[in-house]
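> Build me a model:
(chains A, B and C)
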Amino acid sequence: MADKVWIIPALPALSFLLTLAFGKRTPGKGHFFGLAAVGIAFVLSLVTAGQWLARDTAHDAVGGLDDVPAQCATAVHSVAEEEAGAAHEATSNHGASRPTVAAEGEGEGEHFTRPVVRCVDWFTSGDVKFTAGTIVDGQSVMMLVVVTLISLLVHVFSTDYVHGDRRYTHYFAFLSLFTASMLFFVLSDNLLQMIVGWELVGVCSFALIGHWWEEKPNSDAALKAFLTNRVGDMGLLVGAVILFFAGGQRFHVLDINALANSGKISHTLLLIASCCLIAAVMSKSGQFILHTWLPDAMAGPTPVSALIHAATMVVAGIYMVARLYPVFFHGLSIGGSSINLLAVVGSVTGLFGALLGFVQSDIKKTLAYSTVSQLGFMVAALGVGAWTAAMFHLFTHAFFKACLFLGAGSLSHACHHSFNMVDDMGGLRKIMPKTFATYVIAMLSLAGFPLVTAGFWSKDEILAGTGGMNDANGTYYFVLVMLLLGAFCTAAYMTRTVWYAFFGEFRGHGHPHESGPRITIPLIVLSVLAVVAGFVNLPEYFSFLPESALLRFEHAIEPVGVFFPGHGQGFTHAGFNPVLATIATLIGFAGIGLTWAFYTGKLKVLEGLAGRNKLAGLGKRILVNKYYLDWLYTDVITGFVKGPLARATYWVNQNVLDGIVNGAGKGAVGTGRWVYDKIDQTVVDGSVNGIAGLAGATGGGLRKAQSGRVQEYAALFFAAAALLAGVIVVAVGS
Amino acid sequence: MIASLFAAQACAPSECFAVPANIAFGICALLMIGAAIKVVTETNIVHAALYLVVVLAGVGVNYLILQAEFLAVTQFLVYIGAIIVLFLFGIMLTRAPMGRSDDLDNAKLRPAGIGAAVMLLVVLGGALLSSFGETHLVFSTANSTTALSDAVFNQYLIPFEVVSVMLLAALIGAIVLARRD
Amino acid sequence: MLLNQFLLLAAILFSIGVYGVIVRRNGVLVLMSIELILNAVNINLVAFGANSGIAGQVFALFVIAVAAAEVGVGLAIVLLIYRNRRSVDIDQLDELKG
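The predicted structure follows:
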């Protein structure tokens, strides 16, 4: 399957065409092809994953590149051969008379990833051949499974959720195309193809976010998403072109990675290229300052949001960084403890995104900011060298975030398609037990409930990876602190959504009801995965477990070879740290507990007020909620810092600064008077008037040349060009 | 230089037709320059278009002398067959004066035009004479049409496709501009 | 044959074309002068290409295609000007004047 893997993206692409052409005539009016194609693609992805896990990782003569044809990736082979030669030389210089085979890195018991690359000639331009192909390695296999699974569940969910929509067929067609584009992107083995996939994903998100384009805010949101992404796309293009020319005119990711890793591309070029690519990541993956399109993208149908946030689109940026990791690793000098752009962007987003999650009354927007924040976690993890942790978090995040979004969809399905959890929800835990249970499981996973949830394991790996407690790839206290604060906020605002949606009194109108099986079954599947997905990468710390249960994810996913920094660069993994895990857990619990205390403690007062006067109650409740947030931010968090600090500042202001300012003011007045009398009136005025006169005269003269007649300009242009050419001819000729 | 054009050189295979080709070129060049001057000075607009035909045909003959047969054919077909017709349509649709007309030129700009043209000619001519004074042409490609097709559809496939997209864009642009609504 | 004989012919045609672009008043005639310039460039391309492979002819071909597009759009613009102003005199179009 690994060498025919192009079938997987081809299936949904075919389904897109078939749905557009015949969708209306099939049973179910449109979802038939999409469901079938994505279902088959999911099975095929599982087969591919199985084959990948069963692969032979043992050492071979060509550095794990025996399944990488030389016409697809040339440079990676030459780099591998050079390194093998160098290793051989080194051993013979040391006088060791080991046989050649043993000298080629086998001394350390190295195994290789063995990526499977297949390609065909795409086109030739000049002397450079461009190939199109697929790459199957741990990273792409993981994404294949995640994308097809989430997409399948979203398809199932949508058959109920979007039922009866005016553009039901188009919706499923674009859902298929979206899946196909993301799979195409994931499987691309060269940058050119990745750009194509990247743009296709953008176009599909545009179409789906603006699905209900008749309403102005929706089409605005779609445009905003598209245009914001265009900003970053420029970065991607520039970065790709730099890497192409820096790496000996190669677009293949293995080639670029191997060249970057072996130091054949200069550090400056790598730095510029990675900064350009980070711009692309910031727009696509919603990193801080370019994240604004993500919450607006909630205008689309909820299953689309789930797909965008969990499996496609936003993780494309993370995936791209992971794919070209050596470029970033060496370009940004990751692992040297010095702070770098990737780590800063990620950690700032991790905290700021989470803070924004508090002030939303729309449950989907809260979740959107949560995604922004979690993507920040992933980017920060990549920025501190915790590659596997980032991928692992991507993996687990896909499940619980999809579950949360689909849960929000289920809630709004019950509450007349409103997402306003403050006004239209509440007390739904009894009415919608399945949605409640799955939502809480996913929420706990996101908040990092210890030991049993997936989110705990992946988040802990990221925190450990920042090296605050142990020395893996340098130490990043800044990132660690930002991410711990982010984790606190995450736990708090997720508790808030649970409180508003499921507890208290029902505040909407009508009679909510539990959703049907086509909505609840995807929720149950995802919530189960939100728990068990964490156990695939149990850290080595738990040595009482059999070794075959530990670090499965890392062994299956992380590349080993000349195309990854792990190859002889002192690239280490952070181990499990019980102290850090306890701190993170306590912080999570503190977030949940504090929020819970606010809402339960004050609730009776609120209900009483709301009960007496409905209109005043509604207005008051909003005001009081605002107040809660102010209280939470200003008093609890910043109040302690701010109060004493403000008093001290005031004292300094009154006693020290005032004296300085008054003295300076008196001096300035005196100087000013002297300057006015002596200099301003005579020297300055004269020169100002003179310059103004000169400018007027020049303008008047030049004005005549601006006749507005094109031919006069042409005459001037040609005469000037001839003059200039003449000057050059004379200068060069002499 | 003039002498070397007509010097009877030892007849290398590719140079055998040098003297007749040079004579053909000379006649053709004189015709072209004369016609080109008429194009920019003629007071009858239709005559100007017809003189342009002479220039374009001369360019085609130049292509033939340079052994670019396919280009020569294209020149005759596209320029003389299509573009000139387009010009004539343009003249008719804008109701240009068919007979002689004295206000086709902007007399005020004539000194500027002559100045710019002469300056360009001096600079270009000087540069060319000093750079390529005695460079001879050596025709290498035996069948240039085969080589041309190979190059266009292999090496220059992408520019070729881009040109086709550009033609489409120009087509749409022309329709949008010219339609009446 | 000398390379220069073609290049000089092209230079002369080019200069005549420039003169036409500057002096002619009628829009269609200006376009014709531009054709002169383009053809001069094409002669250059083919003459240079004769010594060094086929690239010159390929680009001359592209220039012919571009010229065809240019004439199409240019004449459409001239037509539009005529429709709006009942005249195609370029020197009356001086709205660019500040």
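> going forward, measure contacts between C-alpha atoms and count neighbours the same way
Fine.
> residue ranges with poor pLDDT in chain C?
C:96-98 (pLDDT under 70).
> change it to 80
C:1, C:51-53, C:91-98 (pLDDT under 80).
> What's the biggest helix in it, counting residues?
For chain C, the longest helix by residue count, based on DSSP state H, is helix C:55-85.
> Any part of that one near chain A?
No: using CA under 8 Å from any CA of the partner chain, we find that helix C:55-85 stays clear of chain A, coming within 11.0 Å at best.
> what's residue A:8 in contact with, if anything?
Contacts for residue A:8 (CA atoms under 8 Å, 6 or more residues apart in numbering or on different chains) come out as A:41, A:44-45, A:183.
> Residue numbers of chain B in contact with chain A?
Looking at chain A, the residues of chain B close enough under CA under 8 Å from any CA are B:109, B:112-113, B:115-117, B:119-120, B:123, B:127, B:154-158.
> Name the member of these that has the highest neighbour count.
Neighbour counts for those, by other CA atoms under 10 Å in any protein chain shown, peak at residue B:113, which reaches 30 neighbours.
> For that residue, grab phi and psi.
Backbone geometry at residue B:113, expressed as degrees, to the nearest 10, gives phi -60, psi -50.
> Tell me which residue in the stretch 451-600 of chain A sits closest to chain C.
residue A:563 (38.3 Å; CA to the nearest CA).
> In this structure that residue contacts residue A:325, no?
No: contact criterion CA atoms under 8 Å: residue A:563 and residue A:325 do not qualify, at 9.0 Å.
> list the residues that contact both of those two?
Contacts common to residue A:563 and residue A:325, judged by CA under 8 Å, 6+ apart, are residue A:257.
> Give me the helices and strands touching the helix or strand in which residue A:555 is found, please.
Secondary structure assignment for residue A:555, by DSSP states H and E: helix A:552-557. When contacts are defined as 3 or more CA pairs under 8 Å, 6 or more residues apart in numbering or on different chains; DSSP states H and E, helix A:552-557 packs onto helix A:138-161, helix A:387-414.
> Ok, which of the ones you listed comes nearest residue B:163?
helix A:138-161 (36.9 Å; CA to CA).
> Give me the packing partners of the closest one, helices and strands only.
Partner elements for helix A:138-161 (3+ CA pairs under 8 Å, 6+ apart): helix A:31-53, helix A:168-187, helix A:302-310, helix A:387-414, helix A:517-532, helix A:552-557.
> Pop the domain breakdown of chain A in here.
A:206-626, A:684-734 (automatic domain parsing).
> so which of those gets nearest residue C:10?
That would be domain A:684-734 among the domains of chain A, by CA to CA, at 15.7 Å.
> show me the contacts for the most centrally placed residue in chain C.
Central residue of chain C (CA atoms, centre = their mean): residue C:34, 2.3 Å from the mean position. By CA under 8 Å, 6+ apart, the contact set of residue C:34 is C:17-18, C:21.
> Show me the contact partners of the one helix or strand residue A:271 maps to.
Element membership for residue A:271 (DSSP H and E) is helix A:267-284. For helix A:267-284, the external contacting residues (CA under 8 Å, 6+ apart) are A:228-229, A:231-236, A:238-240, A:242-243, A:246, A:260, A:287-291, A:313-318, A:320-321, A:327-328, A:330-332, A:341-342.
> repeat that for 7 Å
With contact meaning CA atoms under 7 Å, 6 or more residues apart in numbering or on different chains, helix A:267-284 is reached by A:228-229, A:232-233, A:235-236, A:238-239, A:242-243, A:288, A:290-291, A:313-314, A:316-318, A:327-328, A:330-332.
> Residue A:178 contacts residue A:202, doesn't it?
No: between residue A:178 and residue A:202 there is no contact under CA atoms under 7 Å: 8.8 Å.
> ok, residue A:530 to residue A:286 distance?
To residue A:286, residue A:530 is 23 Å away according to CA to CA, to the nearest Å.
> Equivalent analysis for residue A:669, please.
In terms of CA to CA, residue A:669 sits 52 Å off from residue A:286.
> Could you do residue A:76 as well?
Taking CA to CA, one finds residue A:76 at 32 Å from residue A:286.
> With residue A:482 instead?
Taken as CA to CA, the span from residue A:482 to residue A:286 is 18 Å.
> So between those two, which is more surrounded?
residue A:286 (30 against 21).
> so the more buried one sits right up against residue A:295, yeah?
No: taking contacts as CA under 7 Å, residue A:286 lies outside contact range of residue A:295: 9.4 Å.
> What residues are bridge-paired with residue A:420?
residue A:362 (DSSP bridges).
> Comparing residue A:178 and residue A:202, which shows the higher neighbour count?
For residue A:178 versus residue A:202, neighbours defined as other CA under 10 Å are more numerous around residue A:178 (30 against 24).
> Can you tell me, leaving aside adjacent residues, what's nearest to that one?
Leaving aside its sequence neighbours, residue A:178 sits nearest to residue A:204 (CA to CA, 6 or more residues apart in numbering or on different chains; 5.4 Å).
> same check, this time on residue A:198
Residue A:198 sits nearest to residue A:185 (CA to CA, 6+ apart), 6.3 Å away.
> One more: residue A:308?
residue A:314 (6.3 Å).
> ok, the one you found - contacts?
Per CA under 7 Å, 6+ apart, neighbours of residue A:314: A:284-286, A:308.
> confidence score at it?
If you check residue A:314, the pLDDT there is 86.
> Same check on residue B:171?
Looking at residue B:171, the pLDDT reads 90.
> For it, pull up the helix or strand it's in.
Using DSSP H and E, residue B:171 falls within helix B:157-178.
> can you give me the angle the helix or strand where residue A:457 lies makes with helix A:387-414?
In the assignment (DSSP H and E), residue A:457 maps to helix A:454-465. Put simply, helix A:454-465 runs at 150 degrees to helix A:387-414, going by axes from the mean of the first three to the mean of the last three CA atoms, to 10 degrees.
> Can you name every helix or strand that helix A:454-465 contacts?
Contact partners of helix A:454-465 among helices and strands, from 3 or more CA pairs under 7 Å, 6 or more residues apart in numbering or on different chains; DSSP states H and E: helix A:387-414, helix A:433-447, helix A:517-532.
> In the stretch 201-350 of chain A, what residue lies closest to chain B?
Ranked by CA to the nearest CA, the top residue of the stretch 201-350 of chain A for proximity to chain B is residue A:249, at 16.2 Å.
> Excluding chain neighbours, what is closest to that residue?
residue A:128 (7.4 Å).
> Neighbours of the one you found, how many?
11.
> so what's it bridging to?
residue A:125.
> Also the one 5 residues further on?
Using DSSP bridges, the beta-bridge partners of residue A:133 come out as residue A:119.
> and it, how many neighbours does it have?
By other CA under 10 Å, 22 other residues sit near residue A:133.
> Over to the one 3 residues further on?
Residue A:136 has 25 neighbouring residues, counting by other CA under 10 Å.
> Give the closest residue to it in space, chain neighbours not counted.
Using CA to CA, 6+ apart, the nearest residue to residue A:136 is residue A:116, at 5.0 Å.
> Thanks a lot, see you next time.
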